[in-house]
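Fold the following for me, if possible:
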Amino acid sequence: MKRFFCSVIGILTLTLLSAQTAAVLDEGADIKFDHDVYNFGTVNEDGKIFCTFTFENTGNQPLEIYRATASCGCTTPTYSELPIAPGEKGTIDVAYNTDGRPGAFNKTVTVYSNSRRHPSYSLSIRGTVISKNNSPASIYPKTIGSLRLKRTTVSLGEVKVGSVITETVPVYNDNTVLPIHIKVTNVPDHIKVIVSNSEIAPSQTGMLTISFESAGANDYGRHEDFFHLETQVEGQEKVTGSIQVTSNLQEDFTILNPEDKIPVVEYPTDIIDLGKVKQGKKQTAYFEVKNNGPATLIIRKVVNYAPAMTVKAERKEVAPGKSTRIKVELDTEELLSSIKYYLEVIVNDPLMPRKRLAVMADIVE
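Residues are numbered from 1 along each chain as shown. All right, here's what the predicted structure looks like:
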(Lines give C-alpha, C1' and ligand atoms only; values in the text may rest on other atoms or scores of the structure.)
Protein backbone atom coordinates (compact mmCIF):
# COMPACT_ATOMS: atom_id res chain seq x y z
CA MET A 1 0.00 0.00 0.00
CA LYS A 2 2.86 2.36 0.91
CA ARG A 3 4.57 1.67 -2.44
CA PHE A 4 1.28 2.28 -4.28
CA PHE A 5 0.78 5.56 -2.40
CA CYS A 6 4.30 6.72 -3.30
CA SER A 7 3.71 5.80 -6.94
CA VAL A 8 0.50 7.84 -7.01
CA ILE A 9 2.30 10.82 -5.44
CA GLY A 10 5.09 10.47 -8.02
CA ILE A 11 2.63 10.39 -10.91
CA LEU A 12 0.78 13.43 -9.54
CA THR A 13 4.08 15.32 -9.12
CA LEU A 14 5.16 14.56 -12.70
CA THR A 15 1.72 15.58 -13.96
CA LEU A 16 1.89 18.88 -12.09
CA LEU A 17 5.40 19.56 -13.37
CA SER A 18 4.31 18.78 -16.93
CA ALA A 19 1.33 21.09 -16.51
CA GLN A 20 3.57 23.84 -15.14
CA THR A 21 6.00 23.41 -18.05
CA ALA A 22 3.12 23.52 -20.55
CA ALA A 23 1.76 26.66 -18.89
CA VAL A 24 5.16 28.34 -19.15
CA LEU A 25 5.43 27.40 -22.82
CA ASP A 26 1.91 28.71 -23.56
CA GLU A 27 2.79 32.16 -22.22
CA GLY A 28 5.05 34.53 -24.10
CA ALA A 29 6.28 35.01 -27.65
CA ASP A 30 7.03 32.20 -30.08
CA ILE A 31 8.67 32.09 -33.48
CA LYS A 32 7.76 29.93 -36.47
CA PHE A 33 9.57 30.11 -39.84
CA ASP A 34 7.97 29.30 -43.20
CA HIS A 35 11.16 27.39 -44.03
CA ASP A 36 14.56 27.04 -42.40
CA VAL A 37 16.70 26.00 -45.41
CA TYR A 38 17.27 28.04 -48.57
CA ASN A 39 19.02 26.39 -51.52
CA PHE A 40 20.46 28.84 -54.05
CA GLY A 41 21.32 26.00 -56.40
CA THR A 42 24.16 26.83 -58.80
CA VAL A 43 25.28 30.47 -58.89
CA ASN A 44 28.14 32.37 -60.49
CA GLU A 45 31.04 33.84 -58.53
CA ASP A 46 29.75 37.37 -58.94
CA GLY A 47 29.39 39.25 -55.65
CA LYS A 48 26.59 38.94 -53.13
CA ILE A 49 23.46 36.82 -53.42
CA PHE A 50 20.40 37.29 -51.23
CA CYS A 51 17.49 35.35 -49.74
CA THR A 52 14.72 35.98 -47.20
CA PHE A 53 13.37 33.84 -44.37
CA THR A 54 9.86 34.77 -43.20
CA PHE A 55 8.66 34.05 -39.67
CA GLU A 56 5.50 34.59 -37.62
CA ASN A 57 5.00 35.33 -33.95
CA THR A 58 2.68 32.47 -32.97
CA GLY A 59 2.75 33.41 -29.28
CA ASN A 60 0.61 35.79 -27.27
CA GLN A 61 3.23 38.44 -26.41
CA PRO A 62 5.50 40.65 -28.59
CA LEU A 63 8.45 38.84 -30.17
CA GLU A 64 11.89 40.47 -30.01
CA ILE A 65 14.81 39.38 -32.17
CA TYR A 66 17.89 39.89 -30.01
CA ARG A 67 20.46 39.13 -32.67
CA ALA A 68 21.26 36.90 -35.66
CA THR A 69 24.76 35.49 -36.05
CA ALA A 70 26.31 33.78 -39.07
CA SER A 71 28.72 30.87 -39.05
CA CYS A 72 31.27 32.89 -41.05
CA GLY A 73 32.05 36.42 -42.15
CA CYS A 74 30.95 35.71 -45.73
CA THR A 75 27.32 35.52 -44.57
CA THR A 76 25.46 38.60 -43.33
CA PRO A 77 21.98 38.47 -41.72
CA THR A 78 19.84 41.59 -41.24
CA TYR A 79 16.54 42.01 -39.41
CA SER A 80 14.25 44.61 -37.89
CA GLU A 81 14.83 45.37 -34.21
CA LEU A 82 11.20 46.40 -33.72
CA PRO A 83 9.01 43.98 -31.69
CA ILE A 84 6.71 41.72 -33.72
CA ALA A 85 3.15 41.65 -32.38
CA PRO A 86 1.34 38.29 -31.88
CA GLY A 87 0.08 37.01 -35.23
CA GLU A 88 2.32 39.37 -37.21
CA LYS A 89 5.21 38.40 -39.51
CA GLY A 90 8.81 39.48 -39.86
CA THR A 91 11.81 38.60 -42.00
CA ILE A 92 15.47 37.68 -41.71
CA ASP A 93 17.37 38.74 -44.83
CA VAL A 94 20.63 36.88 -45.54
CA ALA A 95 23.41 37.88 -47.93
CA TYR A 96 26.20 35.53 -49.02
CA ASN A 97 29.36 36.88 -50.69
CA THR A 98 30.45 34.52 -53.50
CA ASP A 99 33.65 36.43 -54.37
CA GLY A 100 36.69 34.20 -53.83
CA ARG A 101 34.51 31.29 -52.67
CA PRO A 102 34.07 28.84 -55.55
CA GLY A 103 32.61 25.44 -54.78
CA ALA A 104 29.84 24.13 -52.55
CA PHE A 105 28.79 26.09 -49.45
CA ASN A 106 26.52 25.35 -46.49
CA LYS A 107 26.27 28.20 -43.98
CA THR A 108 24.25 28.62 -40.80
CA VAL A 109 22.50 31.65 -39.33
CA THR A 110 21.38 31.39 -35.71
CA VAL A 111 18.51 33.65 -34.65
CA TYR A 112 18.20 34.55 -30.94
CA SER A 113 14.90 35.85 -29.61
CA ASN A 114 12.62 35.89 -26.57
CA SER A 115 10.66 32.90 -27.95
CA ARG A 116 9.93 30.50 -25.10
CA ARG A 117 10.03 27.37 -27.28
CA HIS A 118 12.79 28.42 -29.68
CA PRO A 119 15.13 30.97 -28.01
CA SER A 120 17.73 30.01 -30.62
CA TYR A 121 16.72 28.93 -34.13
CA SER A 122 19.08 27.73 -36.87
CA LEU A 123 18.61 28.67 -40.53
CA SER A 124 20.72 27.30 -43.38
CA ILE A 125 21.72 28.53 -46.81
CA ARG A 126 23.43 26.28 -49.33
CA GLY A 127 24.43 26.09 -52.95
CA THR A 128 27.38 25.81 -55.33
CA VAL A 129 29.43 28.72 -56.68
CA ILE A 130 30.88 28.38 -60.18
CA SER A 131 34.42 29.80 -60.18
CA LYS A 132 35.40 32.75 -62.37
CA ASN A 133 38.56 30.84 -63.12
CA ASN A 134 40.42 27.82 -61.87
CA SER A 135 43.62 29.58 -60.79
CA PRO A 136 45.09 28.63 -57.39
CA ALA A 137 44.69 32.24 -56.24
CA SER A 138 40.95 31.95 -56.82
CA ILE A 139 40.50 28.55 -55.23
CA TYR A 140 42.94 29.18 -52.33
CA PRO A 141 42.64 32.92 -51.60
CA LYS A 142 44.47 32.97 -48.23
CA THR A 143 48.27 32.78 -47.87
CA ILE A 144 50.88 31.91 -45.24
CA GLY A 145 54.17 32.32 -47.07
CA SER A 146 54.09 30.06 -50.15
CA LEU A 147 51.20 28.05 -48.71
CA ARG A 148 47.78 28.91 -50.06
CA LEU A 149 44.70 28.02 -48.02
CA LYS A 150 41.01 27.80 -48.75
CA ARG A 151 40.39 29.74 -45.54
CA THR A 152 42.12 30.82 -42.33
CA THR A 153 38.93 31.05 -40.25
CA VAL A 154 37.04 27.85 -39.53
CA SER A 155 33.49 28.68 -38.41
CA LEU A 156 31.78 25.73 -36.74
CA GLY A 157 28.49 27.53 -36.09
CA GLU A 158 26.26 26.25 -33.29
CA VAL A 159 27.87 23.35 -31.44
CA LYS A 160 26.25 21.24 -28.71
CA VAL A 161 28.52 20.91 -25.67
CA GLY A 162 29.76 17.33 -25.55
CA SER A 163 29.90 16.82 -29.31
CA VAL A 164 33.00 16.55 -31.51
CA ILE A 165 33.00 18.56 -34.74
CA THR A 166 35.45 17.96 -37.59
CA GLU A 167 36.23 20.40 -40.41
CA THR A 168 38.83 20.41 -43.18
CA VAL A 169 40.90 23.17 -44.79
CA PRO A 170 42.36 22.43 -48.27
CA VAL A 171 45.85 23.85 -48.84
CA TYR A 172 48.15 24.27 -51.87
CA ASN A 173 51.90 24.76 -52.38
CA ASP A 174 52.18 27.85 -54.57
CA ASN A 175 55.89 27.28 -55.13
CA THR A 176 56.34 25.64 -58.53
CA VAL A 177 59.90 24.40 -57.86
CA LEU A 178 60.43 23.52 -54.22
CA PRO A 179 58.40 21.60 -51.63
CA ILE A 180 56.94 23.40 -48.63
CA HIS A 181 57.21 22.12 -45.05
CA ILE A 182 54.30 22.57 -42.65
CA LYS A 183 54.31 22.42 -38.85
CA VAL A 184 51.35 22.94 -36.51
CA THR A 185 52.01 24.69 -33.17
CA ASN A 186 50.17 26.24 -30.22
CA VAL A 187 47.13 24.01 -30.56
CA PRO A 188 44.62 24.18 -27.65
CA ASP A 189 44.14 20.92 -25.74
CA HIS A 190 40.54 20.47 -26.94
CA ILE A 191 41.53 20.76 -30.62
CA LYS A 192 43.36 18.16 -32.71
CA VAL A 193 44.94 19.10 -36.05
CA ILE A 194 46.16 16.52 -38.55
CA VAL A 195 48.15 17.54 -41.62
CA SER A 196 47.73 15.14 -44.55
CA ASN A 197 51.42 15.54 -45.40
CA SER A 198 53.97 17.69 -43.58
CA GLU A 199 55.81 18.24 -46.88
CA ILE A 200 53.79 19.27 -49.91
CA ALA A 201 55.42 18.91 -53.32
CA PRO A 202 55.54 21.88 -55.74
CA SER A 203 52.11 22.84 -57.12
CA GLN A 204 50.41 20.06 -55.10
CA THR A 205 47.58 20.10 -52.57
CA GLY A 206 47.19 18.93 -48.99
CA MET A 207 44.59 18.99 -46.24
CA LEU A 208 44.28 20.18 -42.65
CA THR A 209 41.77 18.16 -40.60
CA ILE A 210 40.57 19.98 -37.48
CA SER A 211 38.65 18.16 -34.72
CA PHE A 212 36.99 20.32 -32.06
CA GLU A 213 36.13 18.56 -28.79
CA SER A 214 33.55 20.98 -27.40
CA ALA A 215 33.44 19.68 -23.82
CA GLY A 216 37.12 20.51 -23.38
CA ALA A 217 36.53 24.17 -24.26
CA ASN A 218 34.80 24.58 -20.86
CA ASP A 219 32.72 27.44 -22.20
CA TYR A 220 29.27 28.49 -23.42
CA GLY A 221 28.21 31.03 -26.04
CA ARG A 222 30.57 32.49 -28.62
CA HIS A 223 34.01 30.90 -28.36
CA GLU A 224 37.26 31.53 -30.25
CA ASP A 225 40.42 29.44 -30.52
CA PHE A 226 43.66 29.91 -32.45
CA PHE A 227 46.56 27.74 -33.51
CA HIS A 228 49.62 28.47 -35.68
CA LEU A 229 50.93 27.09 -38.96
CA GLU A 230 54.66 27.34 -39.61
CA THR A 231 55.57 27.12 -43.30
CA GLN A 232 59.01 27.03 -44.85
CA VAL A 233 60.52 26.59 -48.28
CA GLU A 234 64.22 25.66 -48.40
CA GLY A 235 66.42 28.73 -48.64
CA GLN A 236 63.61 31.06 -47.51
CA GLU A 237 62.62 32.42 -44.13
CA LYS A 238 60.02 30.61 -42.07
CA VAL A 239 56.55 32.19 -42.18
CA THR A 240 53.99 31.70 -39.40
CA GLY A 241 50.27 32.39 -39.62
CA SER A 242 47.21 31.90 -37.42
CA ILE A 243 44.16 29.73 -37.99
CA GLN A 244 41.05 30.84 -36.11
CA VAL A 245 38.36 28.37 -35.00
CA THR A 246 35.06 29.91 -33.91
CA SER A 247 32.02 28.24 -32.40
CA ASN A 248 28.78 29.05 -30.61
CA LEU A 249 28.61 26.56 -27.74
CA GLN A 250 25.10 25.52 -26.70
CA GLU A 251 24.00 23.28 -23.86
CA ASP A 252 22.57 19.97 -25.12
CA PHE A 253 19.08 19.81 -23.66
CA THR A 254 18.11 16.85 -25.87
CA ILE A 255 19.66 14.55 -23.26
CA LEU A 256 16.95 15.50 -20.75
CA ASN A 257 14.17 13.03 -20.03
CA PRO A 258 10.51 14.14 -19.77
CA GLU A 259 10.50 13.35 -16.04
CA ASP A 260 13.66 15.37 -15.30
CA LYS A 261 13.21 18.41 -13.08
CA ILE A 262 14.29 21.66 -14.66
CA PRO A 263 15.00 25.19 -13.42
CA VAL A 264 12.74 28.02 -14.56
CA VAL A 265 14.54 31.35 -14.78
CA GLU A 266 12.83 34.69 -14.33
CA TYR A 267 14.21 38.19 -14.85
CA PRO A 268 11.91 40.76 -13.14
CA THR A 269 13.32 43.37 -15.51
CA ASP A 270 15.39 43.19 -18.68
CA ILE A 271 16.42 46.84 -18.81
CA ILE A 272 17.89 49.25 -16.26
CA ASP A 273 17.80 52.98 -17.00
CA LEU A 274 20.40 54.77 -14.87
CA GLY A 275 19.13 58.15 -15.97
CA LYS A 276 21.64 61.00 -15.92
CA VAL A 277 25.16 59.93 -14.92
CA LYS A 278 28.02 62.40 -14.54
CA GLN A 279 30.83 61.79 -16.99
CA GLY A 280 33.85 60.20 -15.31
CA LYS A 281 31.79 58.55 -12.59
CA LYS A 282 31.41 54.80 -12.01
CA GLN A 283 27.81 53.66 -11.60
CA THR A 284 26.65 50.29 -10.26
CA ALA A 285 23.38 48.51 -11.05
CA TYR A 286 21.94 45.06 -10.41
CA PHE A 287 19.77 42.62 -12.35
CA GLU A 288 17.87 40.09 -10.25
CA VAL A 289 17.74 36.47 -11.43
CA LYS A 290 15.08 34.20 -9.89
CA ASN A 291 14.69 30.42 -10.03
CA ASN A 292 11.03 29.44 -10.05
CA GLY A 293 11.70 25.79 -10.95
CA PRO A 294 12.25 22.61 -8.91
CA ALA A 295 15.90 22.13 -9.99
CA THR A 296 19.05 24.19 -9.32
CA LEU A 297 19.57 27.06 -11.76
CA ILE A 298 23.16 27.35 -12.99
CA ILE A 299 24.42 30.60 -14.49
CA ARG A 300 26.74 29.25 -17.15
CA LYS A 301 28.11 32.56 -18.35
CA VAL A 302 27.45 36.29 -18.37
CA VAL A 303 28.60 37.78 -21.67
CA ASN A 304 29.58 41.44 -21.70
CA TYR A 305 29.30 43.30 -25.01
CA ALA A 306 30.62 46.69 -23.80
CA PRO A 307 34.23 47.53 -22.79
CA ALA A 308 32.90 50.29 -20.54
CA MET A 309 31.03 47.74 -18.39
CA THR A 310 32.10 44.97 -16.05
CA VAL A 311 29.57 42.27 -15.14
CA LYS A 312 29.57 39.46 -12.62
CA ALA A 313 27.02 37.07 -11.13
CA GLU A 314 27.06 37.09 -7.32
CA ARG A 315 26.33 33.33 -7.31
CA LYS A 316 26.62 30.80 -10.12
CA GLU A 317 24.11 28.34 -8.60
CA VAL A 318 20.61 29.33 -7.50
CA ALA A 319 18.52 26.89 -5.46
CA PRO A 320 14.79 26.39 -6.22
CA GLY A 321 12.76 29.35 -5.00
CA LYS A 322 15.87 31.51 -4.48
CA SER A 323 17.42 34.37 -6.40
CA THR A 324 20.77 36.03 -7.06
CA ARG A 325 21.96 39.23 -8.65
CA ILE A 326 24.15 40.20 -11.58
CA LYS A 327 26.29 43.18 -10.73
CA VAL A 328 26.91 45.70 -13.51
CA GLU A 329 29.48 48.48 -13.12
CA LEU A 330 29.50 51.21 -15.74
CA ASP A 331 32.67 53.26 -16.15
CA THR A 332 31.80 56.56 -17.85
CA GLU A 333 35.38 57.86 -18.05
CA GLU A 334 35.43 57.78 -21.86
CA LEU A 335 31.68 58.09 -22.50
CA LEU A 336 30.31 61.36 -23.84
CA SER A 337 26.65 60.80 -24.75
CA SER A 338 23.65 58.57 -24.21
CA ILE A 339 24.41 54.83 -24.24
CA LYS A 340 22.50 51.57 -24.40
CA TYR A 341 24.71 48.57 -23.70
CA TYR A 342 23.81 44.89 -23.64
CA LEU A 343 24.86 41.83 -21.71
CA GLU A 344 23.70 38.27 -22.18
CA VAL A 345 23.02 35.67 -19.50
CA ILE A 346 23.39 31.97 -20.36
CA VAL A 347 21.75 29.50 -17.96
CA ASN A 348 20.70 25.83 -17.83
CA ASP A 349 16.97 26.54 -18.23
CA PRO A 350 16.00 24.64 -21.41
CA LEU A 351 13.02 26.95 -21.93
CA MET A 352 15.10 30.14 -21.76
CA PRO A 353 18.82 29.35 -21.98
CA ARG A 354 19.74 32.88 -23.09
CA LYS A 355 18.51 36.32 -22.14
CA ARG A 356 19.69 39.71 -23.31
CA LEU A 357 19.62 42.52 -20.72
CA ALA A 358 20.16 46.21 -21.37
CA VAL A 359 21.72 49.11 -19.43
CA MET A 360 20.89 52.68 -20.44
CA ALA A 361 22.35 55.96 -19.27
CA ASP A 362 22.49 59.62 -20.28
CA ILE A 363 26.07 60.77 -19.77
CA VAL A 364 26.33 64.43 -18.75
CA GLU A 365 29.31 66.67 -17.97
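
Could I get the full set of helices for this structure?
2-26, 136-139 (DSSP state H).

Mean pLDDT lowest where, among those?
Mean pLDDT is lowest for helix 2-26 among the helices of the chain, at a mean of 45.

How much space separates the residue nearest to residue 327 when sequence neighbours are not counted from residue 324?
Nearest non-adjacent residue to residue 327, counting by C-beta to C-beta, 6 or more residues apart in numbering: residue 312, 5.2 Å away. Any C-beta I mention is one placed from the backbone N, CA and C, and that applies to glycine too. Per C-beta to C-beta, to the nearest Å, residue 312 is found 11 Å from residue 324.

out of the two, which sits in the busier spot?
residue 324 (19 against 11; other C-beta atoms under 10 Å).

Hmm, residue 296 and the more buried one touching each other?
No: counting by C-beta atoms under 8 Å, residue 324 stays clear of residue 296, with 11.6 Å between them.

Domain map for the protein?
1-132, 135-255, 265-364 (automatic domain parsing).

The first one: how far from the chain's middle?
Here the centre of mass of C-alpha atoms in domain 1-132, compared against the chain's by C-alpha atoms, centre = their mean, to the nearest Å, lies 13 Å away.

repeat for stretch 214-229
12 Å.

For it, the averaged confidence score.
96.

In that stretch, which of the residues would be classed as buried?
Buried residues in stretch 214-229, defined by neighbour count with 16 or more other C-beta atoms under 10 Å: 214, 217, 219-221, 223, 225, 227, 229.

Closest one to residue 240 out of the residues you listed, please.
residue 229 (6.9 Å; C-beta to C-beta).

List the contacts of the closest one.
144, 147, 182-185, 208, 240-243 (C-beta atoms under 8 Å, 6 or more residues apart in numbering).

between those residues, which is nearest residue 200?
Nearest to residue 200 among the contacts of residue 229, with distances taken as C-beta to C-beta, is residue 182, at 6.8 Å.

What is the burial count for that closest one?
22.

do the same with residue 301
18.

pLDDT at residue 343, what is it?
In this model, residue 343 carries a pLDDT of 95.

Touching, it and residue 302? I think so.
Yes: at 6.1 Å, residue 343 and residue 302 qualify as touching, with contact defined as C-beta under 8 Å.

what sits in contact with each of these two?
Common neighbours of residue 343 and residue 302 (C-beta under 8 Å, 6+ apart) are 311, 326.

so how far is residue 188 from residue 228?
11 Å.

circling back to that earlier point, correct me if wrong: the residue nearest to residue 327 contacts residue 325.
No: applying C-beta under 8 Å, one finds residue 312 not in contact with residue 325, separated by 9.6 Å.

could you measure the residue positioned nearest the centre of the chain against residue 158, distance?
Central residue of the chain (C-alpha atoms, centre = their mean): residue 248, 3.2 Å from the mean position. Remark: distance between residue 248 and residue 158 (C-beta to C-beta) = 5 Å.

Give me the common contacts of those two.
Joint contacts of residue 248 and residue 158 (C-beta under 8 Å, 6+ apart) are residue 110.

in stretch 101-120, what counts as buried?
101-102, 105, 107-120.

swap that for stretch 326-337, please
326, 328, 330, 332, 335.

From the residues you listed, which shows the smallest pLDDT?
residue 335 (89).

Can you list the low-confidence ranges for this protein?
1-26 (pLDDT under 70).

how about residue 105, what does it touch?
74, 96, 125-129.

try 10 Å this time
40, 43, 72, 74-75, 96, 98, 125-129 (C-beta atoms under 10 Å, 6 or more residues apart in numbering).

go on, residue 322?
Here residue 322 is in contact with 289-292, 296-297, 315 (C-beta under 10 Å, 6+ apart).

before we move on, what about residue 263?
290-298, 317-320, 347-352.

Phi, psi for it please.
In terms of degrees, to the nearest 10, the main-chain angles of residue 263 are phi -80, psi 160.

Let me see the ranges of the strands in the stretch 201-350 of the chain.
205-213, 221-233, 239-250, 265-266, 271-278, 282-291, 297-304, 309-313, 317-318, 323-331, 338-347 (DSSP state E, counting those that start in this stretch).

any chance of those strands in a markdown table, plus distance to residue 356?
Formatted as a markdown table, those follow (distance: least, C-beta to C-beta, whole Å):
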| stretch | distance to residue 356 |
| --- | --- |
| strand 205-213 | 26 |
| strand 221-233 | 12 |
| strand 239-250 | 15 |
| strand 265-266 | 13 |
| strand 271-278 | 10 |
| strand 282-291 | 11 |
| strand 297-304 | 9 |
| strand 309-313 | 12 |
| strand 317-318 | 19 |
| strand 323-331 | 12 |
| strand 338-347 | 5 |
